[in-house]
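Participant: quick one: sequence and predicted model below, then my questions.
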Amino acid sequence: MTNVIEIEGLRKSYRRRGGTTVAVDRLDLTVPQGGVYGFLGPNGSGKTTTIRCVLGLARPTSGVIRLFGESVAEGLRGAVQRTGAIVETPALFPTMTARENLRLLASIDRIGPARVDEVLAIVGLAERAGDLVKRYSLGMKQRLGLAAALLKDPDLLMLDEPANGLDPAGMREVRQLLRQLADDGRTVFVSSHILAEIESTCDRVAILAKGRLVTHGTVEEVISTAGHRASVLVKVDDLDLGLWALRDASFVAERVNDELRVDVAPERAGDVTRVLAAAGHWVTELRPDRFSLEDVFLELTTSSEVSDGELQEVGA
Amino acid sequence: MNLLMTEMRRALHRRAVRVLIAIALVGCGFASLVAYLGSRGKTISQLRLDEGNPAVMTNWWIADDHLGVLSVGVFFLFLGGFFAGATVAGGEWRAGTITTVLTWEPRRLRLHSTRLASGAVLAFVISFGLQIVFLACFLPAVVFNGTTEGVDGSFWIDLAVVMARTSVITAAAAILAMSLATAARNTAFAVIAMFAWIVVIEGLIRTLKPSLSGWLWGESITTVVAWSRLENVELARGPLLSAATLAAYLAVIVGGAAISFQRRDIGAGS
């Protein structure tokens, strides 16, 4: 599989008053061609800095970055022509209309006005294309930024928090659009801290914390290998007695809010119902306790220190 | 060429640029009215005695004196070119659009030089156009109250040449301002730096160390526009040397800004 982005040993530090701030530290990352790649991390984890380095907007302190096999340090013209990007909040010319903004950008790469109208329709701004950008809401600016990124019909889309400011319907539309673009064979590299968005859209993810990569792989791989035990959640009328019955039968169980979590593989759920029924407790609900990407994300990114020992490599 | 046209369109969209042009046009209209009313009811001989009265067309530019009505506009055009250039470059940093543009054209030196070229071309064309409007505004005074006597082919050539020199100075002011605003990533810095240099530092040098006045922008610009060595200046330089002095200042500032733009990171996020 061809790699679209290759990052080796990226380090980016800034000299500040009173010391040096390391924004990204020893980051190795490979983004394969095709699919949606989620780049996750809490605020200040180094996502935007990494994107800036990949796009040549910031100079790495050390490390090597290749975009479409082209070294970023040696110039990016060819690679950038194949890349559409939004970095942080999309910045467009506020005193121009959306259409004028896109036409202006399009003229740099000799893209015709038909494509401008096409991308405006794709992001749902066709009817407001004549409005000045300074009158746009944040959500509309995000859509316009996305339109600008799509203008080149790029092979790679790099989107930094594209769902910022969007309402739920807008988020769903963007999610569907990203999925569709990836299904068409493009690579979508999207940074976000809205985990629900990523989990349902991405094929692969990388999680960053304090400038370091803490895990990466497919969404399933990351969730399943994050160290969680398999368990099921059970509801019975009397939780306390039900808990005693399970513990008497040597199950490891605990009360979680208004249900019981039992450490057992979902395929052994029948054993749980049998024990509870034998003790006279009728199960009203039973379901596997699935860990979401959010659980994994919070677990990995809220630990006080991210050290070498905690780095995990999942999948290829 | 695409990038150049794009940059010119972008610069023309700046509200500050449009406001400055509008102010200049209003000023021209006001000057027209003053010239017309000031020349009404006067004989040609009286008008000739009025030094620099624009109703006498030959007063527009007096080649022998290296002075004329046209020289009034030089200072304003320089200021306008400077302020417009600073706003065009500084506004880009304030709005963050520099990041967007660099995701389309990552070759920074190419982008920077194209941007300066677009600023220079626009400043030159607008300056030349405004001078034409400025002079055209005096036509009612000339036609109804004044005279065109003495106007010949060489007058028009002299006039065109001095207008071109003034436009070059305006273009240089725009380039200077764009460079300062790019280096500082800020419009205000460029404007304050220019004010501090021209008003404070040059004023002090002129008073305390007049032997250095040949190095000053004010004297150099005046010499270049008039294309004549200044009188009453201790270190008066010829027009070519003054032009070279201005070019040297410009080269240092433009070069410094280009290096800064090439090397520094754009933004610093999470």
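Facilitator: Sure, I can see it. Model, not experiment: these values are computed from the prediction.

Participant: hey, let's count contacts and neighbours off CA atoms from now on
Facilitator: Noted.

Participant: can you pull out the low-pLDDT segments for chain A?
Facilitator: Along chain A, the parts satisfying pLDDT under 70 run over A:1, A:225-229, A:303-316.

Participant: middle-most residue in it, spatially?
Facilitator: In chain A, the centroid-proximal residue (C-alpha atoms, centre = their mean) is residue A:38; its distance is 3.2 Å.

Participant: show me what it is bridged to.
Facilitator: residue A:190, residue A:205 (DSSP bridges).

Participant: who's in contact with it?
Facilitator: A:189, A:190, A:191, A:192, A:198, A:202, A:203, A:204, A:205, A:206 (C-alpha atoms under 8 Å, 6 or more residues apart in numbering or on different chains).

Participant: what number of residues lie near the closest residue in space to residue A:57 that isn't next to it in sequence?
Facilitator: Spatial nearest neighbour of residue A:57, excluding adjacent residues (C-alpha to C-alpha, 6 or more residues apart in numbering or on different chains): residue B:266 at 5.2 Å. The criterion is other C-alpha atoms under 10 Å in any protein chain shown. On that basis, residue B:266 has 19 neighbouring residues.

Participant: need the three-state assignment for residue B:266.
Facilitator: Assigned by DSSP: H, G, I helix; E, B strand; the rest coil, the conformation of residue B:266 is coil.

Participant: please apply the same query to residue A:28.
Facilitator: Of the three states, residue A:28 takes strand under three-state DSSP.

Participant: what is the nearest residue to it once chain neighbours are set aside paired to in the beta sheet?
Facilitator: The shortest distance from residue A:28 to any non-neighbouring residue, by C-alpha to C-alpha, 6+ apart, is to residue A:8 (4.6 Å). Counting by DSSP bridges, residue A:8 is bridged to residue A:64.

Participant: circling back: present the contacts of residue A:38 as CSV; the columns should include neighbour count.
Facilitator: What follows is the contacts of residue A:38, written out as CSV (neighbours: other C-alpha atoms under 10 Å in any protein chain shown):
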residue, neighbour count
A:189, 27
A:190, 26
A:191, 26
A:192, 23
A:198, 24
A:202, 22
A:203, 19
A:204, 23
A:205, 26
A:206, 24
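
Participant: what's the most distant pair in those?
Facilitator: Spanning the widest gap among the contacts of residue A:38 are A:192 and A:203, at 14.2 Å by C-alpha to C-alpha.

Participant: contact partners for residue B:28?
Facilitator: Per C-alpha under 8 Å, 6+ apart, neighbours of residue B:28: B:133, B:134, B:137.

Participant: what's the mean pLDDT across the helix or strand in which it is found?
Facilitator: Applying DSSP states H and E as the criterion places residue B:28 in helix B:15-39. Taken as a whole, helix B:15-39 has an average pLDDT of 93.

Participant: phi, psi for the residue in the stretch 51-200 of chain A that chain B sits nearest to please.
Facilitator: Per C-alpha to the nearest C-alpha, residue A:58 is where the stretch 51-200 of chain A lies closest to chain B, at 4.4 Å. Per-residue torsions, residue A:58: phi -130, psi 150 (degrees, to the nearest 10).

Participant: contacting residues around it?
Facilitator: Residue A:58 is in contact with A:49, A:52, B:264, B:265, B:266, B:267, B:268, counting by C-alpha under 8 Å, 6+ apart.

Participant: quick check: the farthest pair among those?
Facilitator: Every pair of those checked by C-alpha to C-alpha; the farthest is A:49 and B:264, at 13.8 Å.

Participant: how about the residues of the stretch 151-300 of chain A near chain B?
Facilitator: Not one residue of the stretch 151-300 of chain A sits near chain B, judged by C-alpha under 8 Å from any C-alpha of the partner chain.

Participant: helices along the stretch 151-300 of chain A, start to end?
Facilitator: A:168-183, A:195-201, A:219-224, A:239-248, A:269-278, A:293-301 (DSSP state H, counting those that start in this stretch).

Participant: which secondary structure elements does the last one sit against?
Facilitator: When you say that, I think you mean helix A:293-301. On a contact count with 3 or more C-alpha pairs under 8 Å, 6 or more residues apart in numbering or on different chains; DSSP states H and E, helix A:293-301 meets helix A:195-201, strand A:204-209, helix A:219-224.

Participant: and it, what's buried?
Facilitator: For helix A:293-301, burial by neighbour count (16 or more other C-alpha atoms under 10 Å in any protein chain shown) applies to A:293, A:294, A:296, A:297, A:300, A:301.

Participant: now for residue A:212, how many residues are close by?
Facilitator: When neighbours are defined as other C-alpha under 10 Å, residue A:212 has 25 of them.

Participant: picking up where we left off before, right, and the helices and strands packed on helix A:293-301 - which one's nearest residue A:179?
Facilitator: Among the helices and strands packed on helix A:293-301, helix A:195-201 comes nearest to residue A:179, with 6.3 Å by C-alpha to C-alpha.

Participant: touching chain B at all, the helix or strand containing residue A:139?
Facilitator: Here residue A:139, judged by DSSP H and E, is contained in helix A:138-150. No: using C-alpha under 8 Å from any C-alpha, helix A:138-150 never reaches chain B; the gap is at least 9.0 Å.

Participant: can you tell me the element residue 80 falls in?
Facilitator: Assuming you mean chain A. Per DSSP H and E: helix A:77-81 holds residue A:80.

Participant: actually, chain B is the one I wanted.
Facilitator: Residue B:80 belongs to helix B:72-95 when elements are defined using DSSP H and E.

Participant: what sits up against that helix?
Facilitator: A:91-94, B:11, B:14, B:16-17, B:20, B:98, B:119, B:123, B:127, B:131, B:166, B:169-171, B:173-182, B:185-188, B:190-191.
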